[in-house]
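Novice: sequence below, structure please.
(chains A and B)
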Amino acid sequence: KNEVEQSPQNLTAQEGEFITINCSYSVGISALHWLQQHPGGGIVSLFMLSSGKKKHGRLIATINIQEKHSSLHITASHPRDSAVYICAVRAFGNEKLTFGTGTRLTIIP
Amino acid sequence: DVKVTQSSRYLVKRTGEKVFLECVQDMDHENMFWYRQDPGLGLRLIYFSYDVKMKEKGDIPEGYSVSREKKERFSLILESASTNQTSMYLCAISPAGAHDEQFFGPGTRLTVL
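Specialist: Numbers count the residues shown, from 1 in each chain, chains lettered A, B, ... in the order given. Modelled structure (predicted):
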């Protein structure tokens, strides 16, 4: 079993829909990251959080430390949001990240 | 803006060749990482370095070595490339400490024939 599990693996939605991507992990962590990877490979960090909730534009990330679960939400989704979204966790005292396998999101106009 | 550059976006090599992948940063960050990314497996750590001439094995170091002679440059070496090393290779950097985000390079898609 992977330490970091994401769901769904693939998600297709219509433009304007509210999107939720989930991440569950099995170890104690000091931080959780949400990353975005567009076709072509480049990875961009969206959020780093260790508690509560963060918001940036139409993106919202939440984390529940007790339940070892995080969600990434996209409001008013747009075709340019189409990408792979990756969850990664940093275990306590560790400089390394452990990654989920990603969620491929496709937004149809 | 953070800049992490990788020497090639696409690379094609033959089995048995020695392959060098270079990563250069302009942020003076201590930590540098090499990952490979394969479908269904996510990013897996090959090696990382937390200072010049320092290196640590990641989760899948077999078949790879690294070199960090200068702070800004971290090289990944495939001594004798094999077809199972065909993959996307990503370099990342972060400042020292366990509480900072990583910044990624654009990736090198390596094909070994």
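
Novice: contacting residues for the closest residue to chain A within chain B?
Specialist: When scored by C-beta to the nearest C-beta, chain B has residue B:107 as its residue closest to chain A, at 3.5 Å. The C-beta positions use only the backbone N, C-alpha and C, and glycine is treated the same way. Listed by C-beta atoms under 8 Å, 6 or more residues apart in numbering or on different chains, the contact set of residue B:107 reads A:40-43, B:6, B:9, B:37, B:88-90.

Novice: equivalent analysis for residue B:43, please.
Specialist: Neighbouring residues of residue B:43 by C-beta under 8 Å, 6+ apart: A:86, A:88, A:97, A:99, B:35-37, B:90.

Novice: so which bits of the helix or strand harbouring it are buried?
Specialist: Element membership for residue B:43 (DSSP states H and E) is strand B:42-51. Within strand B:42-51, the residues that count as buried by 16 or more other C-beta atoms under 10 Å in any protein chain shown are B:42-43, B:45-49.

Novice: so which of the contacts of residue B:43 comes closest to residue A:8?
Specialist: Each of the contacts of residue B:43 was scored against residue A:8 by C-beta to C-beta, and residue A:86 proved nearest at 13.7 Å.

Novice: do you know how far residue B:1 is from residue A:86?
Specialist: For residue B:1, the distance to residue A:86 equals 21 Å [C-beta to C-beta, to the nearest Å].

Novice: do you know how far the residue lying closest to residue A:35 once chain neighbours are set aside is from residue A:66?
Specialist: Leaving aside its sequence neighbours, residue A:35 sits nearest to residue A:86 (C-beta to C-beta, 6 or more residues apart in numbering or on different chains; 4.3 Å). Per C-beta to C-beta, residue A:86 is found 23 Å from residue A:66.

Novice: what does residue B:34 give?
Specialist: Taking C-beta to C-beta as the measure, residue B:34 and residue A:66 are separated by 34 Å.

Novice: now check stretch A:40-58, is it near chain B?
Specialist: Yes: using C-beta under 8 Å from any C-beta of the partner chain, we find that stretch A:40-58 touches chain B at A:40-45, A:48.

Novice: quick check, nearest of the residues you listed to residue A:77?
Specialist: Nearest to residue A:77 among the residues of stretch A:40-58 next to chain B: residue A:44, at 17.2 Å, using C-beta to C-beta.

Novice: any idea which element the residue positioned nearest the centre of chain B lies in?
Specialist: Nearest to the centroid of the C-alpha atoms of chain B, with distances taken as C-alpha atoms, centre = their mean, sits residue B:34, at 2.8 Å. Using DSSP H and E, the element containing residue B:34 is strand B:31-38.

Novice: could you pull up the mean pLDDT of that strand?
Specialist: Mean pLDDT, strand B:31-38: 95.

Novice: any buried residues in that strand, and which?
Specialist: For strand B:31-38, burial by neighbour count (16+ other C-beta under 10 Å) applies to B:31-37.

Novice: output stretch B:53-72 as PDB - backbone C-alpha positions only.
Specialist: What follows is stretch B:53-72, C-alpha atoms only, in PDB (Å, rounded to 0.1, in the frame of the first residue of the first chain):
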ATOM      1  CA  LYS B  53      29.900  17.100  -2.100                       C
ATOM      2  CA  MET B  54      27.200  15.600   0.100                       C
ATOM      3  CA  LYS B  55      24.700  13.100  -1.200                       C
ATOM      4  CA  GLU B  56      22.200  10.600   0.000                       C
ATOM      5  CA  LYS B  57      20.500   7.700  -1.700                       C
ATOM      6  CA  GLY B  58      16.800   8.000  -2.300                       C
ATOM      7  CA  ASP B  59      14.300   5.200  -2.800                       C
ATOM      8  CA  ILE B  60      15.700   4.000  -6.200                       C
ATOM      9  CA  PRO B  61      19.400   4.700  -6.500                       C
ATOM     10  CA  GLU B  62      20.400   1.500  -8.300                       C
ATOM     11  CA  GLY B  63      21.900   2.200 -11.700                       C
ATOM     12  CA  TYR B  64      22.500   5.900 -10.900                       C
ATOM     13  CA  SER B  65      25.200   8.100  -9.400                       C
ATOM     14  CA  VAL B  66      25.300  11.800  -8.700                       C
ATOM     15  CA  SER B  67      27.800  14.600  -8.400                       C
ATOM     16  CA  ARG B  68      27.600  18.000  -6.700                       C
ATOM     17  CA  GLU B  69      30.900  19.800  -7.000                       C
ATOM     18  CA  LYS B  70      29.400  23.300  -6.900                       C
ATOM     19  CA  LYS B  71      26.400  24.400  -4.900                       C
ATOM     20  CA  GLU B  72      24.400  25.500  -8.000                       C
END
